[in-house]
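K.L.:
What follows is a predicted protein model with its sequence.
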Amino acid sequence: MWDVPVMKVGTLDSLMLLSDDLSRTDGLIESIARKAERALGDAYAASSAPGSGKGGPAPALRVGTLTVADAIKRFAWDQEQFDPQVRALAWLGERQREALCACVLDAKP
């Protein structure tokens, strides 16, 4: 489906540690997505309350200018920024967590 590069992981111990880290990151991503979904739903419900003059179906979620489905279909690994042959996979996982935390901080009012 996606063209993901071959990644060197080292020892079995390092692979198990990386698996644990990725599992925690996956949980964090899901938690953030659920919070964003609830916040958008609450904001839309408040704006379409009776007497607000707004209504109709909720707008479709987008990733930039793309629908979510199109963004998933067009996903491409950023080889220059996340080259697994140059950087350790643990570093890549840490970068993902940093990016997620930055998104959470940006979203807070």
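P.N.:
Looks like it came in fine.

K.L.:
got the residue ranges for the helices in the chain?
P.N.:
For the chain, applying DSSP state H gives helices covering 12-47, 68-73, 89-107.

K.L.:
Would you mind giving those helices as TSV with mean neighbour count added?
P.N.:
Every residue, glycine included, has its C-beta placed from N, CA and C. TSV is the format used below for these (neighbours: other C-beta atoms under 10 Å):
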stretch	mean neighbour count
helix 12-47	12
helix 68-73	12
helix 89-107	13
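
K.L.:
OK, contacts around the spatially most central residue of the chain?
P.N.:
By C-alpha atoms, centre = their mean, the mean C-alpha position of the chain lies nearest to residue 29, the distance being 5.7 Å. By C-beta atoms under 8 Å, 6 or more residues apart in numbering, the residues touching residue 29 are residue 100.

K.L.:
Which one of the helices of the chain lies nearest to residue 59?
P.N.:
For residue 59, the closest of these is helix 12-47, at 7.7 Å, according to C-beta to C-beta.

K.L.:
tell me the angle that closest one makes with helix 89-107.
P.N.:
Orientation of helix 12-47 against helix 89-107 (axes from the mean of the first three to the mean of the last three C-alpha atoms, to 10 degrees) gives an angle of 20 degrees.

K.L.:
re the thing from before, list just the one of the helices of the chain that sits closest to residue 3.
P.N.:
For these, proximity to residue 3 was assessed by C-beta to C-beta; helix 68-73 is nearest, at 12.9 Å.

K.L.:
by contact count, what packs against the closest one?
P.N.:
Here helix 68-73 touches strand 62-63, going by 3 or more C-beta pairs under 8 Å, 6 or more residues apart in numbering; DSSP states H and E.

K.L.:
Give the pairing partners of the strand it packs on; include direction for each.
P.N.:
Here strand 62-63 has these sheet partners by DSSP bridges: strand 66-67 (antiparallel).

K.L.:
Let me see the residues that make contact with the partner strand.
P.N.:
60, 61, 74.

K.L.:
can you pick the most crowded of these?
P.N.:
residue 61 (11 neighbours; other C-beta atoms under 10 Å).
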